[in-house]
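next come a sequence and a model predicted from it.
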Amino acid sequence: MCSNSCVAYTGPFSECEVCPFCQAPRYHLRNSNKPQPVQRFYTIPLGPQLQALWHSPDGAKQMHYHNQHTAQILTELHKTNGVIKTYDDVFHGLEYLNAIRVGNIQEDDVLMMLSLDGAQLYHDKESDCWFFIWVILNQSPQLWCKKKKYYPWWVCSWA
């Protein structure tokens, strides 16, 4: 990947030695037999991770939290003339409720939130690394607020 994130060196760019847009070098110029990329990224497909969530009866039940919670919110809105007393979940948001109302979000849709953060991995060495994770909102916040319920999407590092 270009150090300026212009292009990934795949497909038509797989043979490029420099970025076709900013001319940044693809590889570090080091005394080595094997060229070292300036930047790397790793993707982890989300599809198989989502399929695994539906694999067991317990997992499938956990994936219907948003349906149950949304029904409770809509009942509350009906009883209180559209007033929500407590906002305690992403499903209380106006954009989400409008998307439900007009049918843009269906009962079997998977709702996800993207979270990203960067880190310097070594104390004495300059490095840059970005982590992207998916948070599956179909599950209760008591589940998705736990580390084991984060689903990695990709990691990008600069060597």
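Cool, the structure landed.

so who does residue 59 touch?
By CB atoms under 8 Å, 6 or more residues apart in numbering, residue 59 lies in contact with 52, 53. Yep, even glycine has a C-beta here, placed from its N, CA and C like the rest.

shouldn't it be within a strand?
No. When classified by DSSP: H, G, I helix; E, B strand; the rest coil, residue 59 is found to be helix rather than part of a strand.

just the pLDDT for it.
Turning to residue 59, the model gives it a pLDDT of 89.

do you know how far it is from residue 51?
Residue 59 sits 10 Å away from residue 51 when distances are taken as CB to CB, to the nearest Å.

what number of residues lie near residue 119?
By the measure other CB atoms under 10 Å, the count of residues near residue 119 is 11.

got a list of what it touches?
129, 130, 131.

ok, residue 21 next?
Taking CB under 8 Å, 6+ apart, one finds 2, 4, 6, 7 in contact with residue 21.

helix, strand or coil for it?
coil.

quick one, phi/psi of residue 47?
Here is the backbone geometry of residue 47 (degrees, to the nearest 10): phi -50, psi -50.

any idea which of the contacts of residue 119 is closest to residue 20?
residue 130 (22.8 Å; CB to CB).

surely the closest one meets residue 116?
Yes. The criterion here is CB atoms under 8 Å, and residue 130 meets it with residue 116 at 6.2 Å.

looking at these two, which is more packed in?
With neighbours defined as other CB under 10 Å, residue 130 and residue 116 compare such that residue 130 has more, 15 against 11.

so where does that one fall, helix or strand?
Using DSSP states H and E, residue 130 sits in strand 128-136.

who are the packing partners of that strand?
Where contact means 3 or more CB pairs under 8 Å, 6 or more residues apart in numbering; DSSP states H and E, strand 128-136 is packed against helix 46-53, strand 112-119, strand 150-158.

cool, thanks, signing off.
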